[in-house]
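> after the sequence you'll find the predicted model.
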Amino acid sequence: MRFPLVGSCVLFGLFLLFKFLPKWLVNAVVSLYLGGIAVFVLTSAVEPYVKDYFPESIRHREIGLPRVKVPYVFDNSDGSMRPTVPELCLAAVSLGFCVWYYVRKHWFANNVLGLAFCLEGIEHLSLGSVHVGIILLVGLFFYDIFWVFFTPVMVSVAKNFDGPIKLLFPRAGTAEEMEGGKRPFAMLGLGDIVIPGIFVALILRYDVQRNFRSKYFRSAFGGYVAGLIATIVVMNVFKAAQPALLYIVPGVLGATLGHAWLAREFKSVFDFSEAAEEGGEEGQQEGEGKGKEQEGKPEDKKTL
């Protein structure tokens, strides 16, 4: 559970970079790094939804890439990377989209890339167990409060960094802001989506394990929406930046654990672990396999 500590170090490091180095230089370096990742992330996020529109003859055809190795960036020295035709086509489209974003810096393109990062993060990251998720969310609850309310670090980095690390929502501005061409935006960091999102996804797996007899996913997702609405309301009332996890974490944990307490299943939810679930499924599959083998063998008959 070093994530809050590591996150704090990265956040403070970015704050120092923006303070002592030219803003354009920091944005250029980090944007170049994120831009390369964004091409793969956007391709991976879109590919499951559009691959079926490609002809069957080329849908699964693999293309061998040149054997190239660029340290810390790209490694195909063994020739193992063989993307399919749909993946290569989508990668080309994603590259063009990312170039358009970095040239125009349009808020809509920023949000598309941000949502792609969120989808891939929630899909590939796993907490492992509910109690680990609770500890992580509680730690990030205090992390968000400290860096937003007690220091200018979080707000400074969010405003200075020009990249798809946050979702932007246009809002009405003053006449002076509109005349100056600086349209005001409300911001939501991707961490405020991904971190609670992987916990909500874990709760969904718990429902799936129980064949949806329970509805904990609805409670967890409803708690997230309620926390997000509370963040927006408080932000507009006090006209100041708010740590979203201050409202989202109590909403998600309160709704999930409150539901479990009322259903008298608190221990079952709290002790849920993906490792135990996978182990149980493997054991069940092995048992079914052995049963089929025994059915296939002829019975030994004693000769008289």
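Nice, thanks for sending it over. Model, not experiment: these values are computed from the prediction.

> state the mean pLDDT of the helix or strand hosting A158.
Per DSSP states H and E: A158 is located in helix 153-160. In this model, helix 153-160 has an average pLDDT of 83.

> hmm, who's touching the next helix or strand after that helix?
Moving toward the C-terminus from helix 153-160, the next helix or strand (DSSP H and E) is strand 166-170. Outside strand 166-170, the residues that touch it by Cβ atoms under 8 Å, 6 or more residues apart in numbering are 107, 110-111, 114-115, 158, 183-190, 193. The way it works is simple: take the backbone N, C-alpha and C, and place the C-beta from them, glycine included.

> mind redoing it with 10 Å?
By Cβ atoms under 10 Å, 6 or more residues apart in numbering, the surrounding residues in contact with strand 166-170 are 106-108, 110-115, 118, 158-159, 183-193, 232.

> show me the chain divided up by domain.
20-104, 106-291 (automatic domain parsing).

> of those domains, which is nearest V10?
domain 106-291 (9.5 Å; Cβ to Cβ).

> does the one residue sitting closest to the centre of the chain belong to a helix or a strand, and which?
For the chain, the residue nearest the mean C-alpha position is G121 (2.9 Å; Cα atoms, centre = their mean). If you go by DSSP H and E, G121 is part of helix 107-124.

> what's the answer for A186, then?
Assessed by DSSP H and E, A186 sits inside strand 185-189.

> tell me what that strand is packed against?
helix 107-124, helix 153-160, strand 166-170, helix 216-238 (3 or more Cβ pairs under 10 Å, 6 or more residues apart in numbering; DSSP states H and E).

> give the pairing partners of that strand; include direction for each.
In the sheet, strand 185-189 lines up against strand 166-170 (antiparallel) (DSSP bridges).

> can you give me how far the helix ranked longest in the chain is from the chain middle?
Selection of the longest helix in the chain by residue count, based on DSSP state H, yields helix 23-50. Mean-position distance between helix 23-50 and its chain equals 14 Å (Cα atoms, centre = their mean, to the nearest Å).

> who touches the following helix or strand past it?
Toward the C-terminal end, the helix or strand that comes next after helix 23-50 (DSSP H and E) is helix 56-59. Identification of contacts with helix 56-59 by Cβ under 10 Å, 6+ apart yields 51-53, 84-86, 89.

> kindly report the same for stretch 228-246.
Identification of contacts with stretch 228-246 by Cβ under 10 Å, 6+ apart yields 137-138, 140-149, 152, 154-155, 158-159, 169, 171, 186-189, 191-193, 195-196, 227, 247-252.

> what's R218 in contact with, if anything?
Counted by Cβ under 10 Å, 6+ apart, R218 has contacts 203-204, 207, 255, 259.

> re the thing from before, redo the contacts of helix 56-59 as TSV? Include distance to Y101 and neighbour count.
Output for these, formatted as TSV (distance: Cβ to Cβ, whole Å; neighbours: other Cβ atoms under 10 Å):
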residue	distance to Y101	neighbour count
K51	23	16
D52	27	9
Y53	24	8
T84	25	17
V85	25	17
P86	22	21
C89	19	17
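
> what's the closest of those residues to G35?
C89 (19.3 Å).

> and the helix or strand hosting the closest one, what does it pack onto?
Per DSSP H and E, C89 falls inside helix 85-104. Under the contact criterion of 3+ Cβ pairs under 10 Å, 6+ apart, helix 85-104 touches helix 23-50, helix 56-59, helix 107-124.

> now it and helix 23-50, what's the angle there?
Helix 85-104 and helix 23-50 are oriented at 150 degrees to each other (axes from the mean of the first three to the mean of the last three Cα atoms, to 10 degrees).

> is F108 in contact with Y101, as I believe?
Yes - F108 is within contact range of Y101, at 9.1 Å (criterion: Cβ atoms under 10 Å).

> so between these two, which is more surrounded?
Y101 (22 against 10; other Cβ atoms under 10 Å).

> leaving out the residues flanking it, which one is nearest to that one?
A109 (3.8 Å; Cβ to Cβ, 6 or more residues apart in numbering).

> where does this protein have low pLDDT?
Residue ranges of the chain with pLDDT under 70: 1-3, 65-80, 172-182, 276-304.
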